[in-house]
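**Student:** Coordinates for the following, if possible.
(chains A and B)
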Amino acid sequence: MSAKPVGILRFLGTNCDRDVWQAVEALGLTPKWLWHEDHFNPADYSSFVLPGGFSYGDYLRCGALAAKAPVMKSLGEAAAKGAPVLGICNGFQILCEARLLPGVLVRNESRKFIDKWVTLKPAGKSAWLNDLSKPLRLPIAHGEGRFHSEDDVLKKLNDQGQVWLKYEGGAPNGSLQDIAGVTNEAGNVAGLMPHPERAIHDWMGGEDGRAILGSMLS
Amino acid sequence: MKIGVKILPRNEVLDTQGRAVEGTLKAHGRSVNQARVGKYVQLDVAETDEAKALAKAKEIAEFVLYNPLIETFELEVVGPVRK
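**Tutor:** Okay, here's the model as predicted:
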């Protein structure tokens, strides 16, 4: 276990930050806030989480304005150096808009906000996924979670093992190929629409979020 | 000078808003072949030279206003053009 803290990024409109903080603590790690105006030294942190929410009110496009925030410059440097970076829900959207992850998340096919528990199949080739083999139960809560990318990019993502999470039994939001999460080419930056931080203790409805956060951040 | 940035979803991307508009129009006897819903951003820039103003607006559109994966954009000069 690293003694360095897990940086949790907060933008105006982030609202799952406290949940992520408590999940990180529950895993025995030390969380530390990173404000959207901050610049930081990547070497001072072990890993990073971009929590869910509605940064900048989802104005323009989900995640588009947060992707230009000052803290994202330092995060880009950290990602380039191989630091683990996990984007959850709106955090996933921000990483896509920042071009740290491929593709984009658009409005659910049904046009409805979907809030329910789903079963997910881990896939992908990144080393940190080694401990994830069995299906996971996690909650989703989003209006714009339909993964979209161009055909050639989609093929590349599959060929290179960058699709790390898929919805079992079909994507509730209409995602291409039932994609729920992708990584960058190096595998150290990952995004997912489900909320692992909402599945940490049995009383929350399940503990499967621990496996994802633990694998990615420890 | 004011420059308008017209942003539309790309044809290959399912436009859920457009589809909702189509449904309502159809329900009220006003069917159309297709409705596409986009955004319009008006930029008031300091540049008075049209070419320079358009170049600045293009840079801004590509910086943040549109996402090439899902959208296209067009620029237009708003209001009377001084020759």
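
**Student:** alpha carbons only for contacts and neighbour counts from here, please
**Tutor:** OK.

**Student:** Stretch A:120-140: how far from the chain's middle?
**Tutor:** Between the centre of stretch A:120-140 and the centre of its chain there are 13 Å (CA atoms, centre = their mean, to the nearest Å).

**Student:** Please apply the same query to stretch A:97-106.
**Tutor:** 11 Å.

**Student:** ok, how many other residues are close to the residue of chain B found nearest chain A?
**Tutor:** Residue nearest to chain A within chain B: residue B:16 (6.4 Å; CA to the nearest CA). For residue B:16, the neighbour count with other CA atoms under 10 Å in any protein chain shown is 19.

**Student:** so what's the backbone phi/psi at it?
**Tutor:** phi -70, psi -40 (degrees, to the nearest 10).

**Student:** Residue B:54 now?
**Tutor:** Main-chain torsions, residue B:54, degrees, to the nearest 10: phi -70, psi -40.

**Student:** OK, contacts around it?
**Tutor:** Residue B:54 is in contact with B:3, B:75, B:77, counting by CA atoms under 8 Å, 6 or more residues apart in numbering or on different chains.

**Student:** which ones are touching the residue of chain B positioned farthest from its centre?
**Tutor:** With CA atoms, centre = their mean as the measure, chain B has its most outlying C-alpha, relative to the mean C-alpha position, at residue B:29: 27.2 Å. Not one residue lies near residue B:29 by CA under 8 Å, 6+ apart.

**Student:** Mind pulling up the pLDDT for residue B:81?
**Tutor:** Looking at residue B:81, its pLDDT reads 59.

**Student:** Could you pull out the buried residues of stretch A:148-168?
**Tutor:** Neighbour counts using 16 or more other CA atoms under 10 Å in any protein chain shown place A:148-149, A:154, A:157-158, A:160-168 of stretch A:148-168 among the buried residues.

**Student:** same thing with stretch B:45-59?
**Tutor:** Result for stretch B:45-59 [16+ other CA under 10 Å]: buried residues B:50, B:53-54, B:56-58.

**Student:** Kindly export it (C-alpha atoms) in CSV.
**Tutor:** Taking C-alpha atoms only, stretch B:45-59 is exported to CSV below (Å, rounded to 0.1, in the frame of the first residue of the first chain):
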residue,chain,number,x,y,z
VAL,B,45,-15.2,39.2,-30.8
ALA,B,46,-12.9,42.3,-30.7
GLU,B,47,-11.7,41.7,-34.3
THR,B,48,-13.3,44.0,-36.9
ASP,B,49,-11.7,42.3,-39.9
GLU,B,50,-14.0,39.6,-41.0
ALA,B,51,-11.3,37.0,-41.9
LYS,B,52,-9.6,37.5,-38.5
ALA,B,53,-12.9,37.3,-36.7
LEU,B,54,-13.8,34.1,-38.4
ALA,B,55,-10.4,32.6,-37.8
LYS,B,56,-10.7,33.4,-34.1
ALA,B,57,-14.2,31.9,-33.9
LYS,B,58,-13.0,28.8,-35.7
GLU,B,59,-10.1,28.3,-33.2
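
**Student:** Give me the distance from the helix or strand residue A:216 falls within to the chain's centre.
**Tutor:** For residue A:216, the host element (DSSP states H and E) is helix A:209-217. Helix A:209-217 has its C-alpha centroid displaced from the chain centroid by 11 Å (CA atoms, centre = their mean).

**Student:** Quick check: residues of chain A near chain B?
**Tutor:** Contacts of chain A with chain B, taken as CA under 8 Å from any CA of the partner chain, map to A:60, A:64-65, A:97, A:103-104, A:107-111, A:149-150.

**Student:** Mind checking which of those are buried?
**Tutor:** By 16+ other CA under 10 Å, the residues of chain A next to chain B give A:64-65, A:97, A:103-104, A:107-109, A:149 as buried.

**Student:** Dump the residues you listed into CSV; add secondary structure, pLDDT and distance to residue A:123 as well.
**Tutor:** Listed next are these as CSV, based on DSSP: H, G, I helix; E, B strand; the rest coil; pLDDT from 0 to 100; distance: CA to CA, whole Å:
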residue, secondary structure, pLDDT, distance to residue A:123
A:64, coil, 97, 27
A:65, coil, 97, 30
A:97, helix, 98, 23
A:103, coil, 97, 17
A:104, strand, 97, 19
A:107, coil, 95, 24
A:108, coil, 97, 22
A:109, coil, 95, 23
A:149, coil, 96, 18
